[in-house]
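S.K.: using only what follows, build the 3D model:
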Amino acid sequence: MRKLTDEMKSDTFGQFSAQGVRAMRDMDRDMDVATCTTRIHQEFEHRWSDLSHRLKIIPGKDLLAKLNTHLQETCSVSLTPTAILAALTVSEVSADMRALIDGLERFISIAPPGS
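M.R.: Below you'll find the model as predicted:
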């Protein structure tokens, strides 16, 4: 997983940096962009050094695509989102995600027919 995510480091930092600069400048309009970038880079490197934190900031869809390509090339196995969902147990799904799914199910059940 480290090898796959290492290939994504620059793009991930670009997104992390852009969001971080906006957030820091919203809090303090007078903060120098170089100062923002330095702090953001330090935070990014700290998170990147730990795989569990890295997986929280990397684009999941992109990682899944890279993992799927790797598995197809090395093991002739295809990994689909449907297969991943089918393998999950309720205890493996975060509370936030369960709340979102529950909300969507409620919405679907009250939506008018044909919408």
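
S.K.: tell me how many other residues crowd the closest residue to Ser17 other than its chain neighbours.
M.R.: Using CB to CB, 6 or more residues apart in numbering and skipping residues adjacent in sequence, the residue nearest Ser17 is Ile40, 5.2 Å away. Heads up, the C-betas are built off the backbone N, CA and C, glycines and all. Other residues within reach of Ile40, judged by other CB atoms under 10 Å, total 19.

S.K.: where are the low-confidence patches of this protein?
M.R.: Applying pLDDT under 70 to the chain flags the ranges 111, 113-115.

S.K.: in the host helix or strand of the residue nearest to Ser17, what counts as buried?
M.R.: Applying DSSP states H and E as the criterion places Ile40 in helix 33-48. Of the residues in helix 33-48, those buried by neighbour count under the rule 16 or more other CB atoms under 10 Å are Cys36, Ile40, Phe44, Arg47, Trp48.

S.K.: for it, packing partners?
M.R.: On a contact count with 3 or more CB pairs under 8 Å, 6 or more residues apart in numbering; DSSP states H and E, helix 33-48 meets helix 9-27, helix 51-57.

S.K.: one step back: which residues touch the residue nearest to Ser17?
M.R.: For Ile40, the contacting residues are Phe16, Ser17, Gly20, Val21, Met24, taking CB atoms under 8 Å, 6 or more residues apart in numbering as the criterion.

S.K.: repeat that for Met24.
M.R.: Met31, Cys36, Arg39, Ile40.

S.K.: likewise for Thr5?
M.R.: Applying CB under 8 Å, 6+ apart, one finds that Thr5 lies in contact with Thr12, Leu51, Arg54, Leu55, Ile58, Leu63.
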